[in-house]
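**Student:** build the 3D model from these lines:
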Amino acid sequence: MSPNALRLYGACAIRNAEQVKLLTTQHPEARAELVEWGLITPDAAGVVPAVRDPKGALQRRFDDVLEAAEKQVALLRALPELSAQLTQAYDAVQLRIPGGASVYLDDQAVVNARLQDVVGGARREILAAQPGGPRDQALLDVAAPRDAAALDRGVVLRTVYRDTVRDHGPTAAFAQTMSTRGPGRSAQYRTMPGKFERMIIVDRETAVVPDYLVEGSPPHAAWLITDPAAVVMLARAFEETWRRARPWMGQLRKRRGDMRESIGVAGSGLDGVRTTRRQREIMRNLCEGAQQATVARRLGVSERKLAEEVADLKALWGVSTMNSLIFQYAQSPDCRVDDSAPADGPAGAEYEKTA
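**Tutor:** The predicted structure is shown next:
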């Protein structure tokens, strides 16, 4: 009980109307406290309440507290059984790979909730590969406190973005803030042009990846993977992507043009682009080391047709060998064009299949 409540009880006991009025005016919570304890009658304001026998009031208070405590103890005893029942109900609706440790998530809200749980529980490391390009402001506002909390816990946070984020003001500002934090750990970012796989890996124990298995799954469908062998392999793939990516601390790329915030198609603020979307798809496949026969099969054309298109690309850059073509493409602005989604699509969606 608060000191003011005790003082008010004493003033009521001796019927000191002036002191009662002063205390109830300055400390109205004291009067409410005494009423809650059953130590005074809830009389109208301005009237000195009658005091009640503290022994009976305290006994009633003791009984109330004891009853509440017994309910809490009963709840604690029931929690293991309740947990088992809830887990059984939850697991019954999860699509799992038979014999594996993967859970299919097809609802965007569920995917984001599980991501929050997994990332929020990180103890050592978060690895994120985000090939979707710039993040929209709403996602950045959600990510900032979550990532800051992880860094404050000492978690290592490394993220690879699509190279086009270097032209996006909000994403650049976010990266600059998170990579130059004051005392304590800062986040690390790198960027890479072209296509790479989306994944989030936490503590090298859990991974979240897009769905390529379920027929007709929605764009944000994902798999939560806890199989140690699979997670280790995904982490190795991330490390290879990280090795090939360029460090970034939020610097905006200098460019001419209309200064639009993101690059979605050739010519959107990027000078010197000479290739079509199809030509860039061919080049991305060749840069990955795919043989021409494999590229032709992926594009659904004959090897002869593909050879003609490759010859056109060589003529475009004035080279005669495949190595020279790949080198010229890698140095060109064409390599930085983001063809993964329409320019007016949801930039930086937390989960979306890569093209």
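**Student:** when you work out contacts or count neighbours from here on, use the C-alpha atoms and nothing else.
**Tutor:** OK.
**Student:** longest helix anywhere in this protein?
**Tutor:** When the chain is scanned for its longest helix (criterion: DSSP state H), the result is helix 54-92.
**Student:** what's downstream of the helix or strand bottoming out on mean pLDDT in the chain, the next helix or strand?
**Tutor:** In the chain, the helix or strand scored least confidently by mean pLDDT, DSSP states H and E is strand 95-96, which has a mean of 51. The element immediately downstream of strand 95-96 (helix or strand, assigned by DSSP states H and E) is strand 102-105.
**Student:** so what's the gap between that following strand and the chain middle?
**Tutor:** 17 Å (C-alpha atoms, centre = their mean, to the nearest Å).
**Student:** same check on stretch 328-339?
**Tutor:** 29 Å.
**Student:** what residues sit buried inside it?
**Tutor:** Neighbour-count burial for stretch 328-339 flags 328-330, 332-339 (criterion: 16 or more other C-alpha atoms under 10 Å).
**Student:** now, which of those residues sits nearest Ile201?
**Tutor:** Asp338 (24.2 Å; C-alpha to C-alpha).
**Student:** I'd say that closest one and Gly194 touch.
**Tutor:** Yes: under the criterion of C-alpha atoms under 8 Å, Asp338 makes contact with Gly194 at 7.3 Å.
**Student:** contacting residues around the host helix or strand of Trp242?
**Tutor:** Element membership of Trp242 [criterion: DSSP H and E] is helix 228-244. Applying C-alpha atoms under 8 Å, 6 or more residues apart in numbering, the external contacts of helix 228-244 come out as 127, 129, 160, 190, 192, 196, 201, 204-207, 225.
**Student:** again, but for stretch 301-312
**Tutor:** Counting by C-alpha under 8 Å, 6+ apart, 279, 282, 292-293, 295-296 sit against stretch 301-312.
**Student:** moving C-terminal from the helix holding Trp242, which element do we reach first?
**Tutor:** Assigned by DSSP H and E, the successor of helix 228-244 is strand 246-248.
**Student:** what's the first helix or strand after that next one?
**Tutor:** Past strand 246-248, the next helix or strand by DSSP H and E is helix 277-287.
**Student:** now for that following helix, which elements pack on it?
**Tutor:** On a contact count with 3 or more C-alpha pairs under 8 Å, 6 or more residues apart in numbering; DSSP states H and E, helix 277-287 meets helix 292-299, helix 303-317, helix 322-331.
**Student:** which among these is found nearest to Thr275?
**Tutor:** Closest to Thr275 of the helices and strands packed on helix 277-287 is helix 303-317 (C-alpha to C-alpha; 8.4 Å).
**Student:** mean confidence score for the closest one?
**Tutor:** Averaging pLDDT along helix 303-317 yields 89.
**Student:** so how far is that helix from its chain's centroid?
**Tutor:** Using C-alpha atoms, centre = their mean, the mean C-alpha position of helix 303-317 is found 42 Å from that of the whole chain.
**Student:** render the CA-only coordinates of it in PDB, please.
**Tutor:** Output of helix 303-317 as PDB, limited to C-alpha atoms (Å, rounded to 0.1, in the frame of the first residue of the first chain):
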ATOM      1  CA  GLU A 303      21.200 -24.200 -80.300                       C
ATOM      2  CA  ARG A 304      21.600 -22.700 -83.700                       C
ATOM      3  CA  LYS A 305      19.200 -19.800 -82.900                       C
ATOM      4  CA  LEU A 306      21.000 -19.200 -79.600                       C
ATOM      5  CA  ALA A 307      24.400 -19.200 -81.500                       C
ATOM      6  CA  GLU A 308      23.100 -16.500 -83.800                       C
ATOM      7  CA  GLU A 309      21.900 -14.400 -80.800                       C
ATOM      8  CA  VAL A 310      25.300 -14.800 -79.100                       C
ATOM      9  CA  ALA A 311      27.000 -13.700 -82.400                       C
ATOM     10  CA  ASP A 312      24.900 -10.600 -82.400                       C
ATOM     11  CA  LEU A 313      26.000  -9.800 -78.800                       C
ATOM     12  CA  LYS A 314      29.700 -10.300 -79.800                       C
ATOM     13  CA  ALA A 315      29.200  -7.900 -82.700                       C
ATOM     14  CA  LEU A 316      27.400  -5.400 -80.400                       C
ATOM     15  CA  TRP A 317      30.600  -5.200 -78.200                       C
END
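**Student:** could you list the buried residues of the longest helix of the chain?
**Tutor:** So helix 54-92, judged by 16+ other C-alpha under 10 Å, has buried residues Ala57.
**Student:** now the strands: where do they sit in the stretch 101-250 of the chain?
**Tutor:** 102-105, 125-130, 156-162, 188-192, 199-202, 206-210, 222-225, 246-248 (DSSP state E, counting those that start in this stretch).
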